[in-house]
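Participant: give me a 3D structure for the following:
(chains A, B and C)
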Amino acid sequence: MCLGIPGRVVDIRDDQGLAMGTVDFGGIRREVCLAYVAGDIRPDDYVVVHVGFAISKVDEVEARRTFEVLREMSQLEELEWMREVADRSLDPLGGPAA
Amino acid sequence: MKYLTEYRDPVVAKALLARIKSSASRRWVLMEVCGGQTHTIVKQGLDELLEDAVEMIHGPGCPVCVTPLEQIDKALHIAARPDVIFTSFGDMLRVPGSDCDLLQVRARGGQVRIVYSPLDAVELARKNPDRQVVFFAVGFETTAPANAMAVWRARQLGVHNFSVLVSHVTVPPAMCAMLDAPDNRVQGFLAAGHVCTIMGWTEYEPIAAKYRVPIVVTGFEPLDILEGIWLAVAQLESGRHEVENQYVRAVRRDGTVPARNLVEEVFQLVDRKWRGIGEIPRSGLGLRAEYADFDAEIRFGLTDFTQEESGECRAGDVLRGQLKPFQCPAFGTRCTPEHPLGAPMVSSEGACAAYYNYGRFRQAHVATGTTP
Amino acid sequence: MTTTPITQGLVCPVPLSDTERVLLGHGSGGKLSAALLRDRFLPHLANPALAALGDAALVAVQGHELAVSTDTFVVSPIEFPGGNIGSLAVHGTLNDLAMMGAEPVCLSAGFILEEGLPFDVLDRVVAAMGAAARAVGVPVVTGDTKVVERGKADRMFINTTGLGLRRAGGGPAPDRARPGDRVLVSGPIGRHGMAIMAEREGIGFESRIESDSAALWPLVQPLLERLGPDLHVLRDPTRGGVASALNEIAAASRVGVTLEEGVIPVPTAVAAACEMLGLDPLYVANEGIFAAFVTAERAEEALGLLRSHPLGSEAAIIGQVTNDHPGFVILRTGLGGTRVVDLLPGDQLPRIC
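Facilitator: This next block holds a predicted model:
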């Protein structure tokens, strides 16, 4: 139900009335049915593919934006952790450093 | 791989874990209803890493596991016929029916083949006009558009030796069944990302409102799962119960409309038995009358065939999250991946198999009180 | 965890499915294969040389140690990117000898040909076999050919048996892994299995993946000579992949193995193909790499030696042997979690979930 992976659309063609295309997954290429996203996509767009069907176009802008948010958050976490460590080293026993 | 492997970044994962742990004021209970998400959680040891912040219950999210015994037996019946080439997704082949499984049917001489896409089955039918080619159309809503297209395509190309044995299930009724159970402990859900890619998330809004549970549409990579959990915990901590979308790169509110349309044209809602759970009304998909000529149950005279599951099934308890696989008395002894008693042990997505293959060692330590 | 079987009130709807026939899974190199060997063959054929269950058997003959290995090749399709069943049949058996530290001496080749096989196909296969044997200077000294009716053999099956000589004084063996040993692989994993998968009808995809099929003795020999007894185990992870091979060694040596996910070399194309089908590269067959267990002190040296050879240029240290969790192979993920890498019951199946 779930195994869908993102791939890059290489070409789009009509196969006897059905929109089909080649999708590239990190160097592996496969025939994929593009009928469900045909109106929305062009070559070089990314799509999510499940059992040989593109089920949605990857929103690359959204993907980048939210990933940046996550990365920033992880950098903040690291800074906070570093600060905690620094604080602890000044005050190991809860009183003024000797 | 782009838009995939970045979501495994260990630095970000550790940060998300820290955030979840520091924001949880108590141990929340969440359920994911998706075999792929279960797979990631157990494979990455995320449930272990979440420790006291969150308990993940693995819901009935594996369509392979919940395929009713009845449908498996019909598949075995059809596959054994000499005039049939029976095609299926790989993970269905080892699910036990009442008597055997598809692999054993193959050993006894049946023609059983794995396909990656339902369209491959149609192509096989085109190339083998003197045989009946039957495709085992299982899955949740994610796979329904692909199976619908196979039927539509067979009709369009005039491939009449093709038919489908349908056993589709839908997620929202199952979630409600979980929530209606008197012993329900689930406080929030991760909704299946690819089901929602097709369907959108509007169906979950009334559920969130009625049962007052947060539902976060979540992807499948470790960062997706952790972010989904983080959002769910944030809602629980602030007393909200909304539908939220974590999997923004693939899911829109209305889903993929052309896909929903074709599913609507080819399939209709039917009552469906869920293995180990029982019948949930209007929780499945079956072929519409207009496509009845592609229905393998009609073609092979199996519409009146029924099969009851005998006795009380622990698989059901596992699928409903009442029992962790390692708490089942048969786990690892009478029931192992080589000799599975029920589908959750067979399917590589099933909670039992996931625990067995990935976690058994940990549980052995839990049982003996040693540290891994 | 209870260990007594439940005999009353069977709680699951499905009875135990004891198979009364051979299944494809019995040939996959996983648990079913092990059970087949243990339950159906060993009881009738038991002897000490066989019982060691090494890649090749060692038989003492008047002061020399003879290594013998046999393998039957049933791969389909018989021609694939990077080779064909002929070259594979030579490499596979020679590698089994090499894994015991035996210098290959000669090969036999038995063919079962399906009626109707075109001669040009047969020519390509035998040419490749000849080329592979000459490349390592190991002659095919005897053979046999049978023809069976159409449909009784999937185009062709080949059995090769190899004889080798091992220096007296022991050599690598599956039960010699010791805590502290480092686990190395001589190259990237998963190429052969995915090259074959790419050609399968119903799965088929376009890829640059080529089988890694190769004779490994040229890489093993210098390693043996330099490391001597510090080279504890050699094993080529064929069917069942690296996961199965390491599990067998962990069981034979009664030790635990821990692996670091991040350092296991997987070619991008193999990883992508596995993602697409929901497969784990650790279980995918290889035909041109080996795993080596060496003492901690000599690990870097072994790595350097492997990397200096074209066949070993991507060698890596992927884990180590421990006293903990004997018999289990544990993987540490990039996220800091752990999981068990167990033997699969049968073949890994592509999944949709």
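
Participant: in the stretch 51-200 of chain C, what residue lies closest to chain B?
Facilitator: Nearest residue of the stretch 51-200 of chain C to chain B: residue C:200, at 8.4 Å (CB to the nearest CB). Backbone N, C-alpha and C define where each C-beta goes, glycine included.

Participant: and the longest strand for chain A?
Facilitator: Among the segments of chain A that qualify as a strand by DSSP state E, the longest is strand A:4-15.

Participant: so how far is residue C:353 from the residue sitting nearest the centre point of chain B?
Facilitator: Residue closest to the average C-alpha location in chain B (CA atoms, centre = their mean): residue B:62, at 2.3 Å. Going from residue B:62 to residue C:353 by CB to CB, to the nearest Å gives 6 Å.

Participant: next, the buried residues of the helix or strand containing residue B:150.
Facilitator: If you go by DSSP states H and E, residue B:150 is part of helix B:144-157. Under the neighbour-count criterion of 16 or more other CB atoms under 10 Å in any protein chain shown, helix B:144-157 has B:144-155, B:157 buried.

Participant: domain-wise, how is chain C divided?
Facilitator: C:55-166, C:182-340 (automatic domain parsing).

Participant: redo those as a markdown table? Include distance to chain A.
Facilitator: Shown next, in a markdown table, are the domains of chain C (distance: least, CB to the nearest CB, whole Å):
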| stretch | distance to chain A |
| --- | --- |
| domain C:55-166 | 13 |
| domain C:182-340 | 3 |
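
Participant: what residues are up against the residue most central in space within chain A?
Facilitator: Against the mean C-alpha coordinate of chain A, by CA atoms, centre = their mean, the closest residue is residue A:63 at 5.7 Å. Shown in contact with residue A:63 (CB atoms under 8 Å, 6 or more residues apart in numbering or on different chains): B:3, B:248, B:249.

Participant: just the buried members of these?
Facilitator: For the contacts of residue A:63, a neighbour count by 16+ other CB under 10 Å gives the buried set as B:3, B:249.

Participant: circling back to that earlier point, to residue A:76, which of the domains of chain C lies closest?
Facilitator: domain C:182-340 (19.1 Å; CB to CB).

Participant: could I have the CA atoms of the longest helix seen in chain C written out in CSV?
Facilitator: Criterion DSSP state H: the longest helix present in chain C is helix C:119-135. Output of helix C:119-135 as CSV, limited to C-alpha atoms (Å, rounded to 0.1, in the frame of the first residue of the first chain):
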residue,chain,number,x,y,z
PHE,C,119,23.7,-23.3,-31.1
ASP,C,120,24.7,-19.7,-31.1
VAL,C,121,23.5,-19.4,-27.5
LEU,C,122,25.4,-22.6,-26.5
ASP,C,123,28.5,-21.2,-28.3
ARG,C,124,28.4,-18.0,-26.3
VAL,C,125,28.1,-19.9,-23.1
VAL,C,126,30.9,-22.3,-23.7
ALA,C,127,33.1,-19.5,-25.1
ALA,C,128,32.6,-17.6,-21.9
MET,C,129,33.3,-20.7,-19.8
GLY,C,130,36.6,-21.3,-21.7
ALA,C,131,37.7,-17.6,-21.4
ALA,C,132,36.9,-17.6,-17.7
ALA,C,133,38.9,-20.8,-17.0
ARG,C,134,41.9,-19.6,-19.1
ALA,C,135,41.9,-16.3,-17.4
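
Participant: list the buried residues of it.
Facilitator: So, applying 16+ other CB under 10 Å, buried residues of helix C:119-135: C:121, C:122, C:124, C:125, C:126, C:128, C:129, C:132, C:133.
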